[in-house]
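Trainee: Give me a model of this one.
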Amino acid sequence: MLWDTGLPKSDLGLPLQGKASTGETLSVSLVDQLAQLRIDPPKITIIGISRYHYDHTGQADDFHQARLLLGQHDVKALQEPSNPLAKALAYWLSGPGRLDEVIGDRDVFGDGSVVMLDLPGHTPGHHGLLVRLSQSGYVLLSGDVAHFRENYESDEVPSWNTDPAQSLASLQRVKQIDRNLRANFVIQHETEDIKKLPKFPEAAE
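Mentor: Below you'll find the predicted structure:
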């Protein structure tokens with residue numbers, strides 16, 4: 001399973017400064033990263049998307065063989081007429097791809113090892129991911145329930161979230177899960193939190 005598919009490959013090599021800068025860049029594609037792990041893309045049978053924003057769906061088209069797991073309410077939002085964000089997932093939304101609309105939590109493999117957590121508010125069908133590892137225990141990936149440590153600790157909700165009340169409820173839920181499980185909580189947009197995980201290509205076990 002692959003969780004989120006990152007920025008689009010059109011961002012490869014973009015400068016972070018100057019007139020050509022868009023404020024973001026991509027140094028290596030997911031396919032090339034998988035090659036470093038000696039994993040062929042066809043071996044990815046599931047891609048889970050935390051929400052429909054472009055920085056998490058950008059390379060999905062490299063994994064057409066995979067079943068797409070996406071929150072049902074995000075699917076509905078993408079199926080609205082002329083939604084520009086739908087293009088990245090068109091293969092599953094309107095094409096032959098296998099789409100699995102996730103309602104609530106989803107135990108992906110049926111054994112509690114990987115669970116998509118229903119955390120709506122940032123988008124209508126937003127999810128985080130809870131992973132249980134054999135040696136290091138639980139790792140909790142935030143999705144965008146919080147973008148940075150500061151807004152996580154202060155319960156600040158970005159103005160662009162689709163539902164502030166749901167956002168606050170999801171923040172409280174993820175904090176309770178973190179406390180109960182003593183998880184390694186990783187805010188996906190927080191640079192310091194990424195350092196909690198082994199540096200690629202090493203892996204948490």
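Trainee: Name the nearest residue to residue 104, sequence neighbours excluded.
Mentor: Leaving aside its sequence neighbours, residue 104 sits nearest to residue 118 (Cβ to Cβ, 6 or more residues apart in numbering; 4.8 Å). Heads up, the C-betas are built off the backbone N, CA and C, glycines and all.
Trainee: tell me the phi and psi of that neighbour?
Mentor: Torsion angles at residue 118 (phi, psi; degrees, to the nearest 10) stand at phi -70, psi 110.
Trainee: Direction included, what does the longest strand seen in the chain pair against?
Mentor: Among the elements of the chain assigned as strand by DSSP state E, the one spanning the most residues is strand 127-133. Take DSSP bridges as the rule and strand 127-133 pairs in its sheet with strand 114-118 (antiparallel), strand 137-141 (antiparallel).
Trainee: Specify the stretch among the ones you listed that is closest to residue 25.
Mentor: Nearest of the strands paired with strand 127-133 to residue 25, taken as Cβ to Cβ: strand 137-141 at 22.2 Å.
Trainee: Report the mean per-residue pLDDT for the closest one.
Mentor: Strand 137-141 carries an average pLDDT of 97.
Trainee: Repeat that for stretch 6-18.
Mentor: Averaged across stretch 6-18, pLDDT comes to 92.
Trainee: out of the strands paired with strand 127-133, nearest to residue 86?
Mentor: Checking those against residue 86 by Cβ to Cβ gives strand 114-118 as the closest, at 20.5 Å.
Trainee: Count the residues that sit near residue 24.
Mentor: Burial measure for residue 24: 11 neighbouring residues, criterion other Cβ atoms under 10 Å.
Trainee: Which stretches in this structure count as strands?
Mentor: Listed from the start of the chain, the chain has strands (DSSP E) covering 2-3, 46-49, 67-71, 99-102, 106-107, 114-118, 127-133, 137-141, 184-186.
Trainee: Return the list of strands paired to the fifth one, each annotated with direction.
Mentor: To tie it back to what came earlier, the one meant is strand 106-107. Assessed with DSSP bridges, strand 106-107 is paired to strand 114-118 (antiparallel).
Trainee: how much does the strand it pairs with deviate in direction from strand 67-71?
Mentor: Computed by axes from the mean of the first three to the mean of the last three Cα atoms, to 10 degrees, the angle separating strand 114-118 from strand 67-71 equals 30 degrees.
Trainee: and for strand 114-118, what are the contacting residues?
Mentor: The contact list for strand 114-118 (Cβ atoms under 8 Å, 6 or more residues apart in numbering) reads 1, 48, 69, 71, 102, 104-108, 127-132, 173-174, 177.
Trainee: Filter those residues down to the buried ones and hand me the PyMOL line.
Mentor: Of these, the buried ones can be selected in PyMOL as follows, counting by 16 or more other Cβ atoms under 10 Å:
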select buried, resi 1+48+69+71+102+106+108+127+128+129+130+131+174+177
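Trainee: Run through the neighbouring helices and strands of the helix ranked longest in the chain.
Mentor: The residue-count maximum for a helix in the chain (DSSP state H) belongs to helix 164-181. The helices and strands touching helix 164-181, judged by 3 or more Cβ pairs under 8 Å, 6 or more residues apart in numbering; DSSP states H and E, are strand 114-118, strand 127-133, strand 137-141.
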